[in-house]
Structures are given as structure tokens and as C-alpha cells.
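Colleague: the following block contains a protein sequence and its predicted model.
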2 protein chains.
Amino acid sequence: MTLTVPGIDPDARLAEPDEGFAAEELRLASRNHAMPMEAVRWDVTPPGLYYLLVHYDIPLVDETSWRLSVRGCVQRQLALSLADLARLPQRTVRVTLECAGNGRAQLSPRPVSQPWLNGAVGTADWTGVSLRDLLADASPQTTATDVLFTGCDHGLERGVEQDYARALSVADSLDADVLIALAMNGQPLPPQHGFPARLIVPGWYGMTQVKWLRDITVLDHAYEGFQNAVSYRLRQDPTEPGEPVTRIEPRAVLAPPGFPDFMSRVRVARPGPVRLQGRAWSGWAPVDRVELSVDDGATWMDTELGPELGRWAWRGFAIAWDATPGRHVLRVRAHDLSGRLQPDVPPWNRGGFANNADQPVEVFVLGLEDTALPGASGE
Amino acid sequence: MTLTVPGIDPDARLAEPDEGFAAEELRLASRNHAMPMEAVRWDVTPPGLYYLLVHYDIPLVDETSWRLSVRGCVQRQLALSLADLARLPQRTVRVTLECAGNGRAQLSPRPVSQPWLNGAVGTADWTGVSLRDLLADASPQTTATDVLFTGCDHGLERGVEQDYARALSVADSLDADVLIALAMNGQPLPPQHGFPARLIVPGWYGMTQVKWLRDITVLDHAYEGFQNAVSYRLRQDPTEPGEPVTRIEPRAVLAPPGFPDFMSRVRVARPGPVRLQGRAWSGWAPVDRVELSVDDGATWMDTELGPELGRWAWRGFAIAWDATPGRHVLRVRAHDLSGRLQPDVPPWNRGGFANNADQPVEVFVLGLEDTALPGASGE
């Protein structure tokens, strides 16, 4: 349903050059949140530090009356309670998810929307039922092409009233690791992460991972709803159809060394050996190389990769750095086995999606005169 | 220790008139996060939705080597492990905490810092040891006046390198509900909320609630460290000493009715009866009255208060509203038993602290022609 509401702009806009962040961007940044970068130290992101993006409101779902329907072009319709789903075979997959808009606030001109820097990421162990088992039960007709997933979350977006809904092709739906997840890190899903059930499609950006899932409809044609056909397209101009946003582009991030200045977040460190560490991931293929630059991208060196944590999880990397007094700009960049490499020039599109350009981490290393560590604060 | 680092401004600044939010404000807003307003529906805020403010980095604390020291002007020094603390009598208190900077981004001119709107709040059940039991064990000397609490979190703030540290008077430390908390909602503290132990001082703003606590030092004089004497003061001019920020001013917030537009967060609702609900709290005295205005503050009516959830927890309120087509601006305001009432004009100070002015909630109620609810999204 299309609604016209005074004061709500139906069009996405670009910020003017030198325009500060707008009140509407702050409202989104205040509700949603990134993972603080120091949290890359954990293989699995602690609850509450995992990035969060909610399009509308977090819905309140009554688990006793909630059912997941499976219908459309199927031989057998299903309506499953939470207990029904919990009785089916469960599978656990460790998955790194990232918002498609991660990096948007670094673009110029800047698309006005959720203003992510580069922390819209997190890793969790998701447990649930393989979607392909559910679909096998429902038995899709031979004409089936798409599978549409609809959540309980309701809102307005560019004038279109909707429950959040996204479709995947049948082919993409049948990977054994695509889950109807009931648990995050061994606990029932938190309300903000989709209680009681959500879709998990490893390797794809966050818009695919429909939360508060209530309906799965098998279609015999391509889905043309808002979140597939209007939003989440890579476009240079708003009039083009554009290409769909799909899998996660490679990215590496650094656990920022030293300690921060509260206001500017500039990093300060003492001179001497520092072990730099971070995480890298890609939804296209495993990460096979992460490079570090300590001179703002002029030269690069290979880091040492940590153990694999699973096909769909980020991977650690580390390298020794001898921090010398003065200002340094560190950068890291990931390569994956598909041949993809993080670019240094941000890939621009009107939605601000998939900007995986490597990012500077500014570190000011103190001189020898500042090397005395302050004692216990006593006073 | 005072450090001078190029590119880090040692002074707090005010935004220019019409200055958009700065990159430094966005960096803070992206790490820290407010409670989404719809989360007032829960008596106890679900983990991850509770507001978060971290001055520096979240420290990684090794619980096996961690000790809490109690020292200074005491007869007996203590050094307690987590197991030692867990063996002492435990007390659970339900507490609503709020950041002292909540409301800062609504001020004009706007102090440039963490740009909170009005969601920097949350309610949890905190369990731990009464500070007064610990102090009784350590037996303060008769000269004791202040108690200084120091965390493991380390950073720079306006040029001052420090572990986060705040002091309370001995008198304020001896309330039985002041806790060294080891658990939040029955679970060990999450890393971002102070694992393994933190201070909880019910009724006081968040800066008092020292996280990652490692040391308690009893002093025989007033503490003049950064977080008491420089920051968290109410000043009109940066040169005045100012008054200290202490207890939480009364505030009421509304669970926003209807559903939101993604980008603007403007609320849209259908006409007809709506039950408006929200929460109110004060650190000075129990909330005894919450009023609602549906005409942007021109007239006010009393709401119905819900059950008390404990002296230090927020309280629910509700009222029926007949939503008629058109634009409405709702406001709520709380009174407490100390006679305090939320103001309509924001109380301005240079730090942007304790701005509890009531806030508008804009709701656009649809006309009868738009009353058909869209069906299951199918397509």
C-alpha cells in the first residue's frame, strides 16, 4: 500500500558536499549500532555488541500464537509452531553477518540513510532448521522459482507500507547452511535479532536475513517487492533498474592498537613492539590473504592468518609492528579465493551499498618523554 | 598524565548554529547506542537493548588474575578475587540507569560530544555485594570523606591520560542498595557492561556507575580528579567550577504509537482508539504523576500509573487516546515526590548534562481512505 504522509520524503537523497550528518541520520545511528572495533578480539561477538539494524520497530511476537507458514506453489502447506520447529533436526553454523550499508558514511557524496562507518558486522553461532528440510516437507511445485520470506516487522519506506519481505531464488535457498534459526549462541533469539525465528543465509548481506519470520511463500515468478526491486540495488542513477545487492564483499578490520581519545577516537600508543590483530571475511570465497600498510597504503606487507573458524565466519590475522614515535596511518585489506581484493577507492552507488574500501586507522605514537605509564590512578 | 597529541582538541566545543552533526559525533554515536524507544514495553530491558556508553575501549579483563583492591584510609586492606566476592552475601536491586548526557543532541547550541537524543536509558536487575559490607570489612578511618572507584578502562580525555575513575562521598556510599555488581539480569556482566564487577549507585546518572572496577580507595579529602572536577559539572561558562552532576532528573518517555517511516522515524497510525504507554523515572524521589499532551504541550491530562517495580526502577503509565486523522504532536512529562517536574525549556549547560525537557513525538494519523490494512505481504 502506498501512503503519502506530509513531512516524509518519498525519495532517497544524497548529502550536499560538506553537509554535516542530518538529524534523520542521527536518529537512525542512535537506535541501530555498530560493533565497537575492539570487539573483533572475540571469535564469537558477545551479545549486545553484534551490530544491529532494525528497519521499523522491533515487533513484540507472542510465541504461543506465532506460527511459521510455508505456502504458495507447494504440494503441502505447513503451519509450524516454535515447538514444531524445535522438534526438527537442528544444525549450528558460525556466520559473520554484515550490513549491506556498512561503509556508507565514508562515501562522497553520501547517500542519506543509516550512516555506517565500518563496524556493521558481527559473528554468531546460529542454530535452527535447514530451510531445505522445510521446503522438502512442503514439496515445491516444479514451477517454483523464488522463495519469499516475510517478517512481523511493519513500517513505511519511501511511501510504501509493508511488512519487511525479501525473496531468494529457489537455487540459493537450497544450501544446507541456509537456516530458519531459533537460537543465537545457544540461547533463544534476542528480541532485536528476530525472536522467535529468522532466516540465516550465510555469505549474504544482512538485508537477506529476514527477522521475526512469519511466512515463507514459494513463487512461480520473480518477486518484484520493495526490498528486492526498489531497495538494495546497485545504481548510479535512481532511474536505472540496477543490479541486486547479494553476497558480502571482502573486508578486513583492525583491532585498534593503543588507547583512544574519548572524543576524536584517535588512537594513542607508546613506542615499541605492538602485535596488530584483526578479522577478515568475504561472502564470495574464503579469505586467503590479508595485508597491512603502516604508511597509509603506499606499501603493503602480508599478515599471518589465524585458524579457520568455519566457512562462513571471519578469520583472524596478526602481525608484529614496531611502533615508532609520530603519526602513522594503518590500513588493512583482504583478498579472497575468488580473486576479489578490497579496493582503495570506495565503490560508489546511490544506495551506499557494499562500500568495502579499506579504511585508515590513525595512530599517534608517543615520544620517549611520554613513555612513563601513569600509575594506579589513586590520584 | 597530560599528553599533547596533534589533531586531538583538548577543549570541549559547541556546535555552530545550523551545524550538522560532525564526524566525531557520528563516531561516538556509532559505537555507543541508545535503547530503541519501543523497548520501554519490557519491565527489564533485554540484553543488548540497554543503552551503552563506553568512554574509551571495552577492556579485556582476565578474571583469573583480576582482583578488587580496597585500600587507602582503612584499617584493613582487601584484595578480593571474583570467587571471594561471589561468596559474600548477594543482594539484587532493580535499577533504571540513564546517561548524564541523555538529551544533549536536543540542545541549542549543542555541546559536541556523544549526541544522545532521549534513549540513553535501560533497566536491569543487578546482583552483587553491598558496598557498605565491603567497607565495613575494610573499616574506614574516622578521617575518611570520599571513596574513589577506578576501572580498568584506559584512555585520553581532553589531553588527560587516565583510567576512568570517579569518587562518591562516604555518606553516599553507605546506602545498602549501592552494589559492587557481579551480575546483570542473573548472568555474569557482559563485557561492555563492566565484567567482572562494576559499581551500581541507584538514582545517580551513569557516569557514577564505574565499570570494570579494579580499585576502591578511601580518601581523607575531596577527590579532584578529571571525572569529578573537570567533567560532569553543570557550567554556563568553561571557566566556572560549576556544580557536580549527581542524581537523575525526572523523565517520562512514550512507546511510540503506530509504525515508523524507516528514514525519518515519523510515526504513522490508523484512526481509532490507541492505548498510549510509556515509562517514567527519577533519581530524586518516586514518580507520582505522568501527564500527556496531544496538542504539543498546550494542554495536559493525567495518565494512569502502573505498578511500582521497585524504588529505583522506572514505572509504567498508560492512557487511552482517540486518534483522529491528521498530524498530532504528543508529549509526556513526569513529576516526582520531591516536587520536581520535567521542564518544557531545555536546561542548558556547556556539557549538555541532565537535559530532561519533554520531547515531542510526531504522529501522522491516516484518513479513513487509508484505513484498509495491507494483507499478508504475499506480493
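Modeller: Done, it's in.

Colleague: switch to C-alpha atoms for all contacts and neighbour counts from now on
Modeller: Fine.

Colleague: skipping its backbone neighbours, what lies nearest the residue of the stretch 1-150 of chain A found nearest chain B in space?
Modeller: Nearest residue of the stretch 1-150 of chain A to chain B: residue A:48, at 3.5 Å (C-alpha to the nearest C-alpha). Leaving out its chain neighbours, the residue that sits closest to residue A:48 by C-alpha to C-alpha, 6 or more residues apart in numbering or on different chains is residue B:48, at 3.5 Å.

Colleague: so what's the residue count around that neighbour?
Modeller: Applying other C-alpha atoms under 10 Å in any protein chain shown, we find 23 other residues in the vicinity of residue B:48.

Colleague: so it touches residue A:46, yeah?
Modeller: No. The criterion here is C-alpha atoms under 8 Å, and residue B:48 misses it with residue A:46 at 9.4 Å.

Colleague: what about the spatially most central residue of chain A, distance to residue A:184?
Modeller: For chain A, the residue nearest the mean C-alpha position is residue A:98 (1.5 Å; C-alpha atoms, centre = their mean). As judged by C-alpha to C-alpha, to the nearest Å, residue A:98 and residue A:184 stand 16 Å apart.

Colleague: name the residue of the stretch 201-350 of chain A that lies nearest to chain B.
Modeller: For the stretch 201-350 of chain A, C-alpha to the nearest C-alpha, closest residue to chain B: residue A:261, 4.4 Å.

Colleague: what number of residues lie near the closest residue to that residue other than its chain neighbours?
Modeller: Leaving aside its chain neighbours, residue A:261 sits nearest to residue B:156 (4.4 Å; criterion: C-alpha to C-alpha, 6+ apart). Neighbourhood size, residue B:156 [other C-alpha under 10 Å]: 28.

Colleague: wait, isn't residue B:156 in contact with residue A:264?
Modeller: No. Using C-alpha under 8 Å, residue B:156 makes no contact with residue A:264, being 9.9 Å away.

Colleague: give me the distance between stretch A:177-194 and the centre of its chain.
Modeller: Centroid separation for stretch A:177-194 versus its chain: 15 Å, with C-alpha atoms, centre = their mean, to the nearest Å.

Colleague: give me the contacts around that stretch.
Modeller: A:52, A:54, A:58-60, A:86, A:91, A:93, A:124-132, A:195-202, A:210-213, B:46-47, B:49 (C-alpha atoms under 8 Å, 6 or more residues apart in numbering or on different chains).

Colleague: hmm, try it at 6 Å
Modeller: A:58, A:124-131, A:195, A:197-201, A:211-212 (C-alpha atoms under 6 Å, 6 or more residues apart in numbering or on different chains).

Colleague: repeat for stretch A:142-158
Modeller: A:10-11, A:56, A:59, A:161-170, A:211-221, B:259-262.

Colleague: can you turn the buried part of the contacts of stretch A:177-194 into a PyMOL selection?
Modeller: A single PyMOL command is used to select the members of those judged buried by 16 or more other C-alpha atoms under 10 Å in any protein chain shown:
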select buried, chain A and resi 58+124+125+126+127+128+129+130+131+195+197+198+199+200+201+211+212
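
Colleague: which ones among the contacts of stretch A:177-194 map onto strands?
Modeller: A:124, A:125, A:126, A:127, A:128, A:129, A:130, A:198, A:199, A:200 (DSSP state E).

Colleague: do stretch A:343-356 and chain B meet?
Modeller: No. For stretch A:343-356, no contact with chain B is found by C-alpha under 6 Å from any C-alpha of the partner chain; the gap never falls below 12.9 Å.

Colleague: do stretch A:315-326 as well
Modeller: No. On the criterion C-alpha under 6 Å from any C-alpha, stretch A:315-326 is out of touch with chain B, staying 9.5 Å away.
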